[in-house]
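**Q** have a look at this prediction, sequence included:
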Amino acid sequence: MSRSPWLHLLVRGQSPREGWIVQDPDGPDEPRFAETAREALTDAGSRSRLRQESARRRARRDAAVGELSDWEGLRDAGARRRDAVLYDLEARLLQLEAEVSAAGGRLHWARDPAEAADLVTRLEKDAGSAVRLPGPLLAELSLTAPPTGAGEVEAEMVVFGVDAVVAESATVVVLGAAAVRRVARAATVVAVAGIDQVLGDWADLEVWLQLRARSDGERMSPAVATLCGTAPGDGPRSFHLVLIDGGRSDALADPAGRTALWCIGCAACADVCPVYERVGPAGYPGHRAGPAGAVRTPLLEGTRGTAAASLPFASTLCGACGDVCPVRIDVPELLLRLRGRVVDERRANPLPGPELLAMQGLEWVLGDAARMETAQRAGSRWARLAGRTGRIRRLPGLLARWTDARDLPAPPRETFRAWWRRRRR
Amino acid sequence: MRIVLFAPCFDDTLLPATPQAVVRLLERLGHEVIYPEAQTCCGQWHLAAGYRREAAALSRRFTDVFTAAAARADAIVTPSASCAVTVRRADPDLAVHELSELLVDVLGVTDVGAEFPHRVAYHPTCHALRGLRAGDRPLTLLRAVRGLELVPFGRAEECCGFGGPFAMKNADTSVALVADKVGHLTESGAEVVCAVDDGCLLHIGGAMSRLRSGLRVMHLAEILATPAGGPT
Ligand code: SF4
């Protein structure tokens, strides 16, 4: 394939440039998506691995979905059921709490990831030895480093993030052979869930499992554990469920934000995302990668940090994610809304940034045909000088981000509107 | 039919050949074209960059200009799938058709009497493919062009990496994507890359020009406007 030589040719011409989103003076200044991506893109080995892995996962998913006669109907059912549960979440959560105690377990509420992490560490300390199973939820809690006693295969306590929770029966659902093996043998389980992961009943779970398995490229998930509290002689002796809000109830208050929480965590959107396929997980600082992460991280953590604020812009809005999403989340629309939120927050800065000024100026120019025409005349006179050969190869300032790797045709002698007028005469 | 033309601000300024071709094509097919000179921009730039307030103002202005013009016409057409998506999103009642939709669905023509004896690769842009669901309308039109040979290429349905503000804010990733796109197009043996979005064509064409690939880009309208027996 002739692709890598092309890439080298193009990338070599570039130099890093200042971000043009104005930083929030109070927000944490972490690397933006563009900066992480820049580094990730230079790793040719990992890029080719990513390309192969994405292609493999896409093919598996397409085959698994293609077998079904009514995949679209199943997606509709998934979206409907997710929306219904989240619409009525408060009642579902209270039901869940009652069912957990009835099943001999304990439900702990955590306002944010830090509170949840505290809770978990306290439970671990009491147990003496515990194992943490890695996953996006424990990552959200920053519980990645193994605690004391980790690595012991027969640890008393297993801490893990769940894939779903069924309210009517207090059932915790975990996927994956490794997790299932560990969880099945534990004397004490500490299941961590986001409040958005709650399902109403087993009919919800049936749809959820089908959507999730097919999106993972399987007919059925090969390993599923369902734990329903404690029962004498079977399963864990003690059962804890930690439920985190962590920005979710704020997201739920907004109808668009609520659709983001329909997410079942299948990662199908990442597999079809052209940006994710080039950059990989490194670009996404939150606990989820790809388009789901680009929506979720700024939605749950807010957009004050430079990294989270850059995520809604880390998409071409090509729409592949929305097309593949098993619960029909309109990911591009959510990204657009989040872009609006980032910009609106920047508007509150005491000093307007260059981008805001440029965009307001552009709106003023485009707000009137005569003003637009004046600007066209001024701009094209200048640009024709730069493009005497018919091609513009270099532009100054931020516009160089385009011409670092791409030419621009020299503007025409006559705009369309001028041509139209001349022709009518 | 009387057809109102929406020539995107971008085409008006940088690529007038596209709306000019739309005018020539529709007139050749016996229709009358109206161009409301008060038109400017649908607000897509601002919308995509997160400037909702400004986008809404431009979008309101757009609706005013085109509602007035549409009152004395039969249809509105634009040669840009992404602008058509933006307008429909803001105002579903204002029936704006992308060119291939107008030709196939409204005017009911697939053979527009064009001749273009070249190898052409059609790149289905994201807004045409997933935004408008334009399907194979552009391909149907191209297949009827005399002498034209459609050539397939790898991963045709993948984004070219333009994405409006994305091309600037995430220039490196954008370039990585267009590099792959150009690689596939070059391997296809095509002479011309055709699409229904000038933004994407500017992006793909800009990279091809920098790489001296020898391929050129043409909007669907330009190919369809080339009359049979006329100059190519
Ligand atoms: S947003 Fe992505 S991860 Fe979430 S359900 Fe849709 S495709 Fe799966």
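**A** Yep, that arrived.

**Q** could you use CA atoms for every contact and neighbour count after this?
**A** Will do.

**Q** and the longest helix along chain B, how far out from the chain's middle?
**A** When chain B is parsed with DSSP state H, its longest helix is helix B:52-70. The chain centre lies 20 Å from the centre of helix B:52-70; the measure is Cα atoms, centre = their mean, to the nearest Å.

**Q** show me what whichever helix or strand comes after it is packed against.
**A** Downstream of helix B:52-70, the first helix or strand assigned by DSSP states H and E is strand B:75-78. For strand B:75-78, the contact count by 3 or more Cα pairs under 8 Å, 6 or more residues apart in numbering or on different chains; DSSP states H and E identifies strand B:2-5, strand B:96-98 as packing neighbours.

**Q** so which of those is the most surrounded?
**A** Comparing those by mean neighbour count (mean count of other Cα atoms under 10 Å in any protein chain shown), strand B:96-98 ranks first with a mean of 25.

**Q** is the helix or strand containing A:Arg75 positioned near chain B?
**A** Taking DSSP H and E as the definition, one finds A:Arg75 inside helix A:71-87. No. On the criterion Cα under 8 Å from any Cα of the partner chain, helix A:71-87 is out of touch with chain B, staying 15.9 Å away.

**Q** ok, A:Gly257 touching A:Cys263?
**A** No. Between A:Gly257 and A:Cys263 there is no contact under Cα atoms under 8 Å: 11.1 Å.

**Q** spell out which parts of the stretch 201-350 of chain A neighbour the ligand.
**A** Contact residues, the stretch 201-350 of chain A versus the ligand (Cα under 6 Å from any ligand atom): A:Cys263, A:Ile264, A:Gly265, A:Cys266, A:Ala267, A:Ala268, A:Cys269, A:Ala292, A:Cys325, A:Pro326, A:Val327, A:Ile329.

**Q** quick one, what contacts the fifth one?
**A** What it means is A:Ala267. For A:Ala267, the contact set (Cα atoms under 8 Å, 6 or more residues apart in numbering or on different chains) comprises A:Ser215, A:Asp216, A:Ala289, A:Gly290, A:Ala292.

**Q** what does the fourth one give?
**A** With contacts defined as Cα under 8 Å, 6+ apart, the neighbours of A:Cys266 are A:Arg212, A:Ser215, A:Asp216.

**Q** that one belongs to a helix, doesn't it?
**A** No. Remark: A:Cys266 does not belong to a helix; assigned using DSSP: H, G, I helix; E, B strand; the rest coil, it is coil.

**Q** contact partners for A:Arg278?
**A** So A:Arg278 contacts A:Leu41, A:Arg47, A:Leu50, A:Arg51, B:Thr173, B:Ala176, B:Leu177 (Cα under 8 Å, 6+ apart).

**Q** secondary structure element holding the second one?
**A** Following DSSP H and E, one finds A:Arg47 within helix A:44-66.

**Q** run through the neighbouring helices and strands of that helix.
**A** So helix A:44-66, by 3+ Cα pairs under 8 Å, 6+ apart, packs with helix A:202-215, helix A:268-272, helix A:274-279.

**Q** starting at the chain centroid, how far to the last one?
**A** In terms of Cα atoms, centre = their mean, the gap separating the centre of helix A:274-279 from the centre of its chain is 13 Å.

**Q** any idea of the mean pLDDT for it?
**A** Averaging pLDDT along helix A:274-279 yields 96.

**Q** what about A:Ala203, how many neighbours?
**A** 12 (other Cα atoms under 10 Å in any protein chain shown).

**Q** how many neighbouring residues does the nearest residue to B:Gly205 once chain neighbours are set aside have?
**A** Of all residues not flanking B:Gly205 in the chain, B:Val217 sits nearest, at 5.7 Å (Cα to Cα, 6 or more residues apart in numbering or on different chains). For B:Val217, the count of nearby residues is 23 (other Cα under 10 Å).

**Q** sheet-wise, list the partners of the helix or strand containing B:Val217 with their directions.
**A** Assessed by DSSP H and E, B:Val217 sits inside strand B:216-219. Using DSSP bridges, the strands paired with strand B:216-219 are strand B:192-195 (parallel).

**Q** buried ones in the strand it pairs with?
**A** Using 16 or more other Cα atoms under 10 Å in any protein chain shown as the test for burial, strand B:192-195 gives B:Val192, B:Val193, B:Cys194, B:Ala195.

**Q** please compute how far that strand lies from its chain's middle.
**A** For strand B:192-195, the distance to the chain centre is 10 Å (Cα atoms, centre = their mean).

**Q** what's it in contact with?
**A** Residues contacting strand B:192-195 (Cα under 8 Å, 6+ apart): B:118-125, B:185, B:201, B:215-220.

**Q** between the residues you listed, which is nearest chain A?
**A** Nearest to chain A among these: B:Thr125, at 8.5 Å, using Cα to the nearest Cα.

**Q** quick one on the thing from earlier: run through the neighbouring helices and strands of the helix holding A:Arg75.
**A** By 3+ Cα pairs under 8 Å, 6+ apart, helix A:71-87 packs against strand A:198-199, helix A:202-215, helix A:255-260.

**Q** hey, least reliable of these by pLDDT?
**A** When I compare the helices and strands packed on helix A:71-87, helix A:255-260 is least confident, with a mean of 89.

**Q** quick one: buried residues of it?
**A** In helix A:255-260, counting by 16+ other Cα under 10 Å, buried: A:Gly257, A:Arg258, A:Thr259, A:Ala260.

**Q** how about stretch B:37-56?
**A** For stretch B:37-56, by 16+ other Cα under 10 Å, it's B:39-56.

**Q** pLDDT score for the residue in chain B that the ligand sits nearest to?
**A** Nearest to the ligand, among the residues of chain B, is B:Arg130, at 15.7 Å (Cα to the nearest ligand atom). Per-residue confidence at B:Arg130 stands at 96 (pLDDT).

**Q** repeat for A:Ala231
**A** 82.

**Q** separation between it and the ligand?
**A** 33 Å (Cα to the nearest ligand atom, to the nearest Å).

**Q** tell me how the chain divides into domains.
**A** All of this refers to chain A. A:5-30+A:82-246, A:32-67+A:261-348, A:354-424 (automatic domain parsing).

**Q** wait, chain B was what I had in mind.
**A** B:2-106, B:119-224.

**Q** any idea of the mean pLDDT for the shortest one?
**A** By that I understand domain B:2-106. 96.

**Q** so how far is it off the chain centroid?
**A** With Cα atoms, centre = their mean, you get 11 Å for domain B:2-106.

**Q** show me the contacts for A:Gly390.
**A** A:Pro409, A:Ala410.

**Q** these two touch, right, B:Ser59 and B:Arg88?
**A** No. Using Cα under 8 Å, B:Ser59 is not in contact with B:Arg88, being 10.5 Å away.

**Q** show the pLDDT at residue 146.
**A** Using chain A. At A:Pro146, the pLDDT recorded in the model is 65.

**Q** was after chain B, sorry
**A** 97.

**Q** skipping adjacent residues, who's closest to it in space?
**A** B:Glu115 (4.4 Å).

**Q** let's see if you can find the most crowded of the contacts of A:Cys266.
**A** A:Ser215 (27 neighbours).

**Q** which regions of the stretch 151-300 of chain A sit below the pLDDT cut-off?
**A** Applying pLDDT under 70 to the stretch 151-300 of chain A picks out residues A:151-155.

**Q** the strands in it, which residues?
**A** A:157-161, A:164-166, A:171-175, A:188-194, A:198-199, A:224-227, A:238-244 (DSSP state E, counting those that start in this stretch).
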